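In: Quick one: sequence and predicted model below, then my questions.
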Amino acid sequence: MTAQPLPEKTRVALDTALAELDRAKTDWAQCSISDRLRLLRAVKDGVMSVAADWAETSAREKGLDPETPIAGEDWIIGPYATMEGLNAYIRTLREMPGKGFFSRLRMRSLPNGQTAVQVMPTSARDKLLLPGVRAEVWMRPGETPDTIRAKAARLYETPETEREGAVALVLGAGNVSSITPLDVLYKLLVENQVVILKMNPVNDDLTPFFETAMKPLIDKGALRIVRGGADVGAYLCDHPLVEELHITGSDKTHDAIVWGMGEEGAKNRAAGTPKNTKRFSSELGCVSPTLVVPGPWSAADVAYQAESIASMKLHNSGHNCIACQTLVMPEGWDKGAALLDAVKSVLATSRRPAWYPGTEDRIALYAAHLDTVEKVERGSNAPPVVLGTLGDDDYNHRAEVFGPALGIKELPAPDTETFLRAAIAYANDELWGTLGANILIHPTTLRQIGQRRFEDIIAELRYGTIAINGWCGFGFFIATAPWGAFPGHTPEDIQSGTGVVHNAFMLEETERTVVRMPWAPFPRGFFSRELSLMPRPPFFITNKNQRRIGKALTRFQHRPSLRDLPKLLREVMRG
């Protein structure tokens, strides 16, 4: 990006903030674990003190009545997710001596020889709050239990007096409010860097709440929060005191920073001479697919999975980097038409407005590149959801719509395994990005394929988070799991980005996270031999108790207590 001239007052304020961080970076790097724990507990108190104002302000910005159930989304994707991240880091730091946290991690060998590390559940509380949900991190080839343990949290093995810090710029996200504080925490705690946080103008109204919540880190000198548009961002990216950068946003913004804009950017890319050579981690979105595997689905299965698909699409009005954009269906499947009809029926119940800037134009462009177009009307305040079939036009395979639109692709399904392999190849080879993908597969079908053969097949699916019978977005809320693109992208072809965040166990050389969720909610899950107590997930757009659940989860994570657990579980079961 090319910095535009800034008003002198703004420039001086930015220079001052960066100078303060530069002076404090060594102090932060050498900050003891006990001091970090004290600061994080204080940040938890700060988050709780502003949680209601934070969630309600966020809901109003999106055109929602904060007293309605759907406003619970902003509790869950804001204060709750931040509180969960804080708790995960606190547990790891508390058990850091001798890497004691490894006692909670189970490891196993996958059919292809890679090592999988189970990062959820790792406690009785996990099992109670998310029954039947399991998350594993599949490590890169060649990593063994010994190397995984040796590499994890390596910066904490360096004597405190020998640690060196750095100044990092975090360019905040505009869509999900917890992304910003979680990105900051990762830089501070896993990479040992002080942070200048540039707020996204889309959610600038949340700045005062972040300043209050993270005041202990600001007072420590480890964080500065600034506001402004692209001109401020450009100035900070090129500032000599900024040593590293992280962005959650658009690949176009990434390319503008690294290569430059317009003709300058094209020349730099062609010559292989980036304009900005600083280390740059990023999470940049995805044309996220859901692969629907044919099988003996009952009418109840069709209805429930339709709720799941519609929620993958319209959670946060579709303004998510891993909102389902492409539904890959088996051609000629006898349940296919019923599933699509059920998905449309659930989509039609959502009255949420589309609020992210530019949505109307993106939807129109998306519709123009579909082979067939259908609009699911949702009332006067919400734009219709655009549905259509994907043909040979490449545009919608490569462009993230970031709004209420869904493309459908049918592939031949002579048998289950042939379809699954073809769907994986389609997702890998035709769809842009590698952030997250979903697979819906009936437990009977999974048993017929066999667990180890199934894992061998999905090892070919190159995405940073893969959800089995659920939404990969759920992986975002598992703070112990790495969150980011599948490794291997380059500045020349950045796609979904590089590096990870969250990752509270501080694992290195991670490849992907695989999240498994129950096929059916309680009590029907017992009939699919899963023995799961998981009710309808709180993030479902059909959950009528979402607001109460979001508030209860946030309070519980602030002060976890077995005494309060029954009340929380009652709220969850009422969803």
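Out: Looks like it came in fine. Residues are numbered from 1 along each chain as shown.
In: what about A310, how many residues close to it?
Out: By other C-beta atoms under 10 Å, the residues close to A310 number 26. To be clear about C-beta, it is placed using only N, CA and C from the backbone, and glycine gets the same treatment.
In: Secondary structure class of it, three-state.
Out: With DSSP: H, G, I helix; E, B strand; the rest coil as the basis, A310 sits in helix.
In: Contact partners for it?
Out: Each residue near A310 by C-beta atoms under 8 Å, 6 or more residues apart in numbering is listed here: V343, V346, L347, S350, I541, T542.
In: Specify which member of those is nearest to T372.
Out: V343 (15.7 Å; C-beta to C-beta).
In: okay, the contacts of A310 in CSV with pLDDT and secondary structure next?
Out: Shown next, in CSV, are these (pLDDT from 0 to 100; DSSP: H, G, I helix; E, B strand; the rest coil):
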residue, pLDDT, secondary structure
V343, 98, helix
V346, 98, helix
L347, 98, helix
S350, 96, coil
I541, 96, coil
T542, 95, coil
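In: Show me which of those residues is closest to L461.
Out: Nearest member of these to L461, counting by C-beta to C-beta, is V343, at 22.2 Å.
In: Low-confidence ranges, this structure, go.
Out: Residues of the chain meeting the criterion pLDDT under 70: 1-4, 523, 525-533.
In: I'd like the distance between the most centrally placed residue in it and L435.
Out: By C-alpha atoms, centre = their mean, the mean C-alpha position of the chain lies nearest to F476, the distance being 3.7 Å. Applying C-beta to C-beta, to the nearest Å, one obtains 10 Å for the distance of F476 from L435.
In: Overlap in contacts, those two.
Out: I322, T465.
In: now what about stretch 361-372, what contacts it?
Out: 354, 373, 383, 386, 388-391, 393, 395-396, 399, 401-405, 407.
In: For stretch 342-359, which outside residues touch it?
Out: Contacts of stretch 342-359 (C-beta under 8 Å, 6+ apart): 61-64, 70, 174-175, 202, 302-303, 306-307, 309-311, 313-314, 317-319, 327, 360, 363, 374, 376-379, 381-383, 385, 387, 402-404, 541-542.
In: swap in stretch 21-39?
Out: With C-beta under 8 Å, 6+ apart, stretch 21-39 has contacts from 90, 93-94, 96, 156, 160-161, 163-167, 188-189, 192-196, 216-217, 220-222, 224, 241.
In: Just the buried residues out of these, in ChimeraX syntax.
Out: Per 16 or more other C-beta atoms under 10 Å, the buried members of the contacts of stretch 21-39 correspond to this ChimeraX selection:
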select :90,93,96,156,165,166,167,188,189,192,193,194,195,196,216,217,220,221,222,224,241
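In: Among the contacts of stretch 21-39, name the ones in strands.
Out: Per DSSP state E, strands hold the following members of these: V167, V194, V195, I196, R224.
In: Nearest to Q546 among the residues you listed?
Out: V195 (31.4 Å).
In: does the closest one have beta-bridge partners, and which?
Out: In this entry, V195 is beta-bridged to A168, L223, by DSSP bridges.
In: correct me, but it touches A222?
Out: Yes: between V195 and A222 a contact is recorded at 6.9 Å, counting by C-beta atoms under 8 Å.
In: if we can go back for a sec, can you tell me how far the residue nearest to the centre of the chain sits from L327?
Out: 20 Å.
In: All the helices of the stretch 451-575 of the chain, residue numbers only.
Out: Counting by DSSP state H, counting those that start in this stretch, the stretch 451-575 of the chain has helices at residues 451-458, 546-558, 565-573.
In: does T326 count as helix, strand or coil?
Out: With three-state DSSP as the basis, T326 sits in strand.
In: Leaving out the residues flanking it, which one is nearest to it?
Out: P289 (4.4 Å; C-beta to C-beta, 6 or more residues apart in numbering).
In: can you check A427 too?
Out: Leaving aside its chain neighbours, A427 sits nearest to P289 (4.5 Å; criterion: C-beta to C-beta, 6+ apart).
In: what's the angle between the strand or helix carrying the one you found and helix 451-458?
Out: Assigned by DSSP states H and E, P289 belongs to strand 288-292. Angle between the axes of strand 288-292 and helix 451-458 is 140 degrees (criterion: axes from the mean of the first three to the mean of the last three C-alpha atoms, to 10 degrees).
In: Does the residue nearest to the centre of the chain touch P482 like I think?
Out: No: F476 lies out of contact with P482 (C-beta under 8 Å); the separation is 10.9 Å.
In: shared neighbours of the two, anything?
Out: H502.
In: mind listing what the residue lying closest to P141 once chain neighbours are set aside touches?
Out: Excluding the flanking residues, the one nearest P141 by C-beta to C-beta, 6+ apart is Q114, at 5.7 Å. Counting by C-beta under 8 Å, 6+ apart, Q114 touches W138, M139, R140, P141, E143, A459, E511.
In: how deep is A270 tucked in, by neighbour count?
Out: For A270, the number of neighbouring residues by other C-beta under 10 Å comes to 9.
In: Backbone dihedrals for Q305, please?
Out: Q305 adopts backbone torsions of phi -70, psi -30, taken as degrees, to the nearest 10.
In: quick one: contacts for the nearest residue to it once chain neighbours are set aside?
Out: Nearest residue to Q305, sequence neighbours excluded (C-beta to C-beta, 6+ apart): L440, at 5.6 Å. Contact partners of L440, counting by C-beta under 8 Å, 6+ apart, are T290, L291, V292, V293, Q305, S308, I309, N469.
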